[in-house]
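K.L.:
sequence and predicted structure below; questions after.
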Amino acid sequence: MNMLKQSWLAGNPTLNGWLVSPCAFTAETFARAGWDSVTVDLQHGVQDYLSMVACFQAMQAAPVTLMARVPWNEPGIIGKVLDGGAMGVICPMVNSREDALRLVDACRYPPMGRRSNGPIRMGGFGPGNYQRTANQTVLCIAMIETVEAVANMDAILDVEGIDAVYVGPTDLCFSMGMEPHMDCEEAEVLAIYGRLLKACKSRGMFAGLHCSAPEYAARMHAMGFDFATVNSDSGLMMQAAIAAIQKARGEAQKVHKPAY
């Protein structure tokens with residue numbers, strides 16, 4: 001059973017953690033924070049396949065759905081992250097119907113796709129009858145992050161086997177001729193989000209978004225997104241460290257005010 005998919009079907013907004021650090025202990029600690037899912041980032045994170053497996057092993061006991069963002073829409077790495085334990089694949093730069101078809105082909109076993117059989121970890125540690133259930137339980141998530149993808153939105157969403165889409169706001173901004181940033185407030189970007197949500201809901205599909213601030217993630221849930229990522233492990237660590245240092249130094253200045 002995919003707990004994340006069950007939450008979406010029940011209409012519950014979910015929070016996704018983003019793991020860029022290739023450290024099993026960090027993953028173990030991070031997974032206990034209360035996320036609904038945690039995604040290991042093999043595209044822009046400092047992760048490789050073996051560190052992903054180690055992170056998955058460390059997070060196995062936590063009640064989170066384990067996912068991976070692959071480096072590219074390539075069947076070899078997609079099959080390996082699924083065999084290694086991912087219950088969901090987030091694939092970057094899905095810009096066309098053909099891209100979406102390739103993603104589904106790599107994620108799904110026959111007859112839905114051409115994923116090769118050999119679930120080296122999932123066959124032993126995953127749910128029973130993995131090969132029979134994987135096509136229904138593994139989440140196939142296409143990233144919408146360019147103006148080309150937005151133009152081809154309906155064609156992408158109409159591909160059978162795509163469960164959800166995930167917006168990469170910084171690349172979308174780049175593609176629109178803007179400085180790359182998250183937590184967008186521009187009317188034209190929010191309009192795209194609205195169109196995407198409407199298109200997903202009409203098809204019974206799900207939508208997610210990468211956010212920086214928890215307040216923005218809450219707003220996007222209210223707007224209709226089913227899942228939102230809040231920053232990343234390294235980003236949240238840096239924010240907490242800066243806040244702690246500033247607080248400690250501020251308190252120290254109050255205690256050690258000059259006598260004159």
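P.N.:
That came through, no problem. Residues are numbered from 1 along each chain as shown.
K.L.:
secondary structure class for the residue lying closest to Cys107 once chain neighbours are set aside?
P.N.:
Closest residue to Cys107 apart from its sequence neighbours, by CB to CB, 6 or more residues apart in numbering: Cys140 at 4.3 Å. Any C-beta I mention is one placed from the backbone N, CA and C, and that applies to glycine too. Secondary structure of Cys140, reduced to three states by DSSP: H, G, I helix; E, B strand; the rest coil: strand.
K.L.:
isn't Cys140 up against Gly161?
P.N.:
Yes. Counting by CB atoms under 8 Å, Cys140 touches Gly161, with 5.7 Å between them.
K.L.:
quick check: neighbours shared by the two?
P.N.:
Counting by CB atoms under 8 Å, 6 or more residues apart in numbering, the common neighbours of Cys140 and Gly161 are Val104, Cys107, Arg108.
K.L.:
so the second one is in contact with Arg115, correct?
P.N.:
Yes. At 6.3 Å, Cys107 counts as touching Arg115 under the criterion of CB under 8 Å.
K.L.:
joint contacts of these two?
P.N.:
In contact with both Cys107 and Arg115: Ile78, Leu82, using CB under 8 Å, 6+ apart.
K.L.:
quick check on those two: which one has the bigger neighbour count.
P.N.:
Cys107 (29 against 23; other CB atoms under 10 Å).
K.L.:
residue contacts, that one?
P.N.:
Contacts for Cys107 (CB under 8 Å, 6+ apart) come out as Ile78, Leu82, Val89, Gly113, Arg115, Val138, Cys140, Gly161.
K.L.:
try Asp158
P.N.:
For Asp158, counting by CB under 8 Å, 6+ apart, the contacting residues are Arg97, Arg203.
K.L.:
for it, give its distance to Ser175.
P.N.:
Distance, Asp158 to Ser175, by CB to CB, to the nearest Å: 22 Å.
K.L.:
what's the answer for Lys80, then?
P.N.:
Between Lys80 and Ser175 the distance is 29 Å, computed by CB to CB.
K.L.:
got it, and Leu209?
P.N.:
Remark: distance between Leu209 and Ser175 (CB to CB) = 16 Å.
K.L.:
neighbour count for the two, which is higher?
P.N.:
Between Leu209 and Ser175, counting by other CB under 10 Å, Leu209 is the more crowded of the two (27 against 17).
K.L.:
strands of the stretch 1-150 of the chain, residue ranges please.
P.N.:
Secondary structure of the stretch 1-150 of the chain (DSSP state E, counting those that start in this stretch): strands at 14-19, 37-41, 65-69, 88-91, 139-144.
K.L.:
any chance of these in TSV, with mean neighbour count too?
P.N.:
Converted to TSV, these look like this (neighbours: other CB atoms under 10 Å):
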stretch	mean neighbour count
strand 14-19	24
strand 37-41	26
strand 65-69	27
strand 88-91	27
strand 139-144	24
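K.L.:
how far does the helix or strand harbouring Ile192 sit from the chain's center?
P.N.:
Using DSSP states H and E, Ile192 maps to helix 187-203. Helix 187-203 sits 18 Å away from the centroid of its parent chain (CA atoms, centre = their mean, to the nearest Å).
K.L.:
buried residues in it?
P.N.:
For helix 187-203, a neighbour-count test (16 or more other CB atoms under 10 Å) marks Val189, Ile192, Tyr193, Leu196, Leu197, Ala199, Cys200 as buried.
K.L.:
if I look at Trp72, how far off is Asp41?
P.N.:
Where Asp41 is concerned, Trp72 sits at a distance of 13 Å (CB to CB).
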